[in-house]
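Engineer: what follows is a predicted structure for the sequence shown.
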Amino acid sequence: MAIKLRKFGRTGLTVTDMGFGAAPIGNFLKPIPEEVSNALVERAWAAGMRYFDTAPLYGHGLSEIRLGQALRWKKRDDFVVSSKVGRLLKPAPRASIDFTPWVDAAPFTLHFDYSYDGAMRSLDDTLQRMAIERIDIAFIHDCDVFNHGPEQQKVYFRQAMDGSYKALLKMREQGVVKSIGFGVNEWQVCHEALKQGDFDSFLLAGRYTLLEQDSLDEFLPLCEERNVAVVIGGGLNSGILATGAVAGAKYNYAPAPQPILDKVRKIEVVCARHKVPLPAAALQFLLAHPAIASHVPGTRTVQQMEQNIAWISHPIPAAFWQELKQEGLLRQDAPTPKG
């Protein structure tokens with residue numbers, strides 16, 4: 001299964017069904033050399049990827065800087081870029097900055113700002129860091145309980161709807177961006193935003209995967225009804241769907257709890273029976289839902305990218321998906337790829 005083009009909801013944009021997630025080249029957890037960062041983008045391009053997702057958060061601006069440099073001589077109309085608003089970067093001495101979990105990041109401090117002016121400035125700063133003339137998709141970033149806790153999230157969500165959302169609406173009306181939405185770790189935030197606002201797209205991290213499909217209850221059906229595009233991040237649940245239920249497996253960026261380990265082990269049994277690699281099943285599952293336009297797995301080496309490309313091309317029989325449902329390991333109403 002080669003990387004293919006897909007319509008991006010109602011926007012008129014076209015993206016590839018696998019995109020390049022640029023968080024790792026912000027030096028997430030450990031540094032990536034410049035030559036490897038450039039090689040990753042070039043390999044993605046050679047494989048046919050034409051959708052690239054980044055954010056000011058990733059490496060305190062380093063991801064945007066590197067991605068912009070790697071794309072600098074590509075024809076601008078040949079690719080789609082998404083970035084995010086909700087944080088502003090301010091220059092500071094390196095010794096004064098806590099870069100965790102980024103390593104050797106750019107010398108900027110991060111400040112949450114979901115205001116109207118903050119969103120306007122954020123996108124302008126992104127364009128300068130990337131040295132490109134436009135961003136196609138703008139997401140309001142991390143306005144969720146995962147990052148802020150329940151009480152502060154309510155405050156920031158209201159600020160985002162009263163501020164960032166109105167700024168992005170204006171930019172969409174002016175043709176500065178073509179698609180606006182939220183990029184968060186919880187489908188409930190996306191669903192509430194879609195009920196309250198006129199959004200085109202969402203980036204949902206880790207909440208629609210082979211392990212969990214609760215977003216089928218309300219959010220994804222509403223997206224399908226309104227022709228809203230969804231991008232999936234964290235399709236491997238931050239690690240466990242790539243490694244399997246091994247010691248130290250990560251789920252939601254932390255050690256996987258026992259119920260998750262147990263479920264993954266059961267899925268692995270079905271995988272073994274059908275000779276299907278677990279990560280191949282995890283990645284191919286994402287694209288079966290009609291609202292999902294793309295997914296952006298993060299890779300930190302060219303070898304990992306080659307492996308992802310191989311996984312999305314691995315043949316999977318229809319009987320595999322049927323058995324997962326029969327065993328109660330996959331929701332009955334979850335769309336699955338054609339065998």
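Structural biologist: Received the coordinates, thanks.
Engineer: pLDDT wise, what is residue 238 at?
Structural biologist: Looking at residue 238, its pLDDT stands at 88.
Engineer: measure it to residue 211 for me?
Structural biologist: Per Cβ to Cβ, to the nearest Å, residue 238 is found 11 Å from residue 211. (Each C-beta comes from the backbone N, C-alpha and C, glycine too.)
Engineer: what residues do those two have in common as contacts?
Structural biologist: residue 251 (Cβ atoms under 8 Å, 6 or more residues apart in numbering).
Engineer: center of this protein - which residue?
Structural biologist: residue 233 (2.9 Å; Cα atoms, centre = their mean).
Engineer: quick one, phi psi at that one?
Structural biologist: With angles defined as degrees, to the nearest 10, residue 233 sits at phi -110, psi 160.
Engineer: wait, it sits on residue 208?
Structural biologist: No: with contact defined as Cβ atoms under 8 Å, residue 233 does not reach residue 208; the gap is 10.0 Å.
Engineer: show residues contacting stretch 143-159.
Structural biologist: 86, 112, 114-115, 142, 160, 182, 184-186, 189, 192-193.
Engineer: again, 10 Å this time
Structural biologist: Stretch 143-159 is contacted from outside by 57, 86, 112-116, 118, 140-142, 160-161, 163-165, 182-190, 192-193, 196, 205-207, 252-253, using Cβ atoms under 10 Å, 6 or more residues apart in numbering.
Engineer: so which bits of the longest helix along the chain are buried?
Structural biologist: Ranked by residue count and defined by DSSP state H, the top helix of the chain is helix 258-274. Buried residues in helix 258-274, counted by 16 or more other Cβ atoms under 10 Å: 260, 261, 263, 264, 267, 268, 270, 271.
Engineer: and the pLDDT at residue 338?
Structural biologist: pLDDT, residue 338: 86.
Engineer: got a list of what it touches?
Structural biologist: Residue 338 sits next to 288, 316, 318, 321 when contact means Cβ under 10 Å, 6+ apart.
Engineer: again, only this time at 8 Å
Structural biologist: Counting by Cβ under 8 Å, 6+ apart, residue 338 touches residue 318.
Engineer: let's verify it: helix, strand, or coil?
Structural biologist: At residue 338 the chain is in coil, as set by DSSP: H, G, I helix; E, B strand; the rest coil.
Engineer: what about residue 43, how many neighbours?
Structural biologist: For residue 43, the neighbour count with other Cβ atoms under 10 Å is 18.
Engineer: measure it to residue 163 for me?
Structural biologist: The gap separating residue 43 from residue 163 is 38 Å, by Cβ to Cβ.
Engineer: how about residue 44?
Structural biologist: Residue 44 is 33 Å from residue 163, where distance means Cβ to Cβ.
Engineer: who's more crowded, these two?
Structural biologist: residue 44 (27 against 22).
Engineer: surely the more buried one meets residue 305?
Structural biologist: Yes: using Cβ under 8 Å, residue 44 makes contact with residue 305 at a distance of 6.6 Å.
Engineer: can you give me the helices for the protein?
Structural biologist: 34-47, 62-71, 116-130, 145-148, 150-162, 164-173, 187-196, 219-226, 240-243, 258-274, 278-286, 302-313, 318-326.
Engineer: quick check: angle from the fifth one to helix 187-196?
Structural biologist: An angle of 30 degrees separates the directions of helix 150-162 and helix 187-196 when computed by axes from the mean of the first three to the mean of the last three Cα atoms, to 10 degrees.
Engineer: now swap in the last one and tell me
Structural biologist: Regarding helix 318-326 and helix 187-196, their directions subtend 90 degrees when assessed with the same axes, to 10 degrees.
Engineer: do the second one as well
Structural biologist: Helix 62-71 and helix 187-196 are oriented at 70 degrees to each other (the same axes, to 10 degrees).
Engineer: list the contacts of helix 62-71.
Structural biologist: Residues outside helix 62-71 that contact it (Cβ under 8 Å, 6+ apart): 22-23, 25-27, 34, 37-38, 41-42, 52, 54-56, 58-59, 79, 81, 83, 102, 105-106, 126, 129-132.
Engineer: the first one now?
Structural biologist: Counting by Cβ under 8 Å, 6+ apart, the neighbours of helix 34-47 from elsewhere in the structure are 3, 20, 24-25, 32, 52, 66-67, 69-71, 74, 299-302, 305-306, 309.
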